[in-house]
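*Asks:* Got a predicted model here, sequence first, then my questions.
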Amino acid sequence: MLSVRHGARAVEFYKAAFGATEIYRVEDPGGSVVSRLSVDGAEFWLSDESPEHDNFSPESLGGGSVRMILTVPDPDAMFARALAAGAREVSAVQDEPYGWRVGRVVDPFGHHWEIGRPIP
């Protein structure tokens, strides 16, 4: 589960950046969201941070401690889509010597995503 600030905006970003579909959502009267999303069948959850439950976003911590790896057929296209939606490039998509074509972005909420595929 990804902890974010502004969960509703995060859901919209992941839809625009990765083509995510929202499978489940609960929203409290104050606007905090818990959502289950899917990108081509790969599911993940997100929620608004809740410091009272020790759930902090990368924005609160000054950075994240994990990277999500998104394996897609066309990493170049998905990478460009993520940038157009507001992600920031960390490293460009390129063929790596360990057999992957991969690039890395950081989303507007501080989470890092490696977008790639194995090279046949």
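*Replies:* Okay, I see it.

*Asks:* Mind checking what secondary structure E89 has?
*Replies:* strand (DSSP: H, G, I helix; E, B strand; the rest coil).

*Asks:* shouldn't it be in contact with V105?
*Replies:* Yes. Between E89 and V105 a contact is recorded at 5.9 Å, counting by Cβ atoms under 8 Å. (Glycine included, C-beta is placed from N, CA and C.)

*Asks:* Between those two, which is the more surrounded one?
*Replies:* Under the criterion of other Cβ atoms under 10 Å, the comparison of E89 against V105 puts V105 first, with 24 against 13.

*Asks:* The strand or helix carrying the more buried one pairs with which strands, parallel or anti?
*Replies:* Here V105 sits within strand 100-106, counting by DSSP states H and E. Sheet pairing of strand 100-106 (DSSP bridges) gives strand 88-95 (antiparallel), strand 112-118 (antiparallel).

*Asks:* nearest to T71, of those strands?
*Replies:* Using Cβ to Cβ as the measure, strand 112-118 is the one of the strands paired with strand 100-106 that comes nearest T71, at 5.7 Å.
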